[in-house]
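Trainee: fold the stuff below for me.
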Amino acid sequence: MFVTTPCDSYTRRRLRPIVETVLLCGKQNIAMRGHRDGGALNMPIEESVSRTTEGNFRALLQYRISGGDSTLQKHLETASKNATSIRKTKKNIVISCINDLISQQIVTQVKKARFFTAMLDKTADIANVEQASICVRYVYNNMINKRFLKFAAVIDRTGLG
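Mentor: Below you'll find the model as predicted:
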């Protein structure tokens, strides 16, 4: 059981714009990373550094700050560089948590569904590594839903190639 403390409230306030920006990128199918995706966020946006080289995620954070998000600006200015939560490892943790929540919602709906089917399709990624996409199709609240669940590595256990 979690106990809410003033520190937790502060942590939530400063992480909210970062999580909301990750969610926006996911909902709009916007790639987050750029060529220069590390280090401190340039504030204010420096003309010498192109927004496109920093990546969409960082550009959206800069946009939020220029739009008056003082909580985000204060967090990024005062937090130590390993505590800003905008590095790729922290973003991956946020993405993983969001994935877990969405997967739980889908599984809950599938369990309540009257009819469902699992779908599997094998494809190669850009590195020519075989992957299977796993989707589920189900009827929930009298609507047909088709949801992507995950990519899974395809492993040939027969030794036939």
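
Trainee: count of neighbours near the nearest residue to residue 32 once chain neighbours are set aside?
Mentor: For residue 32, ignoring the flanking residues on the chain, the nearest one in space by Cβ to Cβ, 6 or more residues apart in numbering is residue 57 at 3.8 Å. Any C-beta I mention is one placed from the backbone N, CA and C, and that applies to glycine too. By other Cβ atoms under 10 Å, 23 other residues sit near residue 57.

Trainee: shouldn't residue 139 be within a strand?
Mentor: Yes: checked against DSSP: H, G, I helix; E, B strand; the rest coil, residue 139 lies within a strand.

Trainee: would you confirm that it contacts residue 113?
Mentor: Yes: the criterion here is Cβ atoms under 8 Å, and residue 139 meets it with residue 113 at 5.4 Å.

Trainee: counting contacts, what elements does the strand or helix carrying residue 10 pack onto?
Mentor: Using DSSP states H and E, residue 10 maps to helix 6-27. When contacts are defined as 3 or more Cβ pairs under 8 Å, 6 or more residues apart in numbering; DSSP states H and E, helix 6-27 packs onto helix 56-66, helix 70-78, helix 88-112.

Trainee: center of this structure, which residue is that?
Mentor: residue 95 (3.2 Å; Cα atoms, centre = their mean).

Trainee: what sits against that one?
Mentor: Counting by Cβ atoms under 8 Å, 6 or more residues apart in numbering, residue 95 touches 22, 26.

Trainee: return the per-residue confidence for it.
Mentor: pLDDT, residue 95: 91.

Trainee: would you quantify the distance from it to residue 146?
Mentor: Distance from residue 95 to residue 146, counting by Cβ to Cβ, to the nearest Å: 22 Å.
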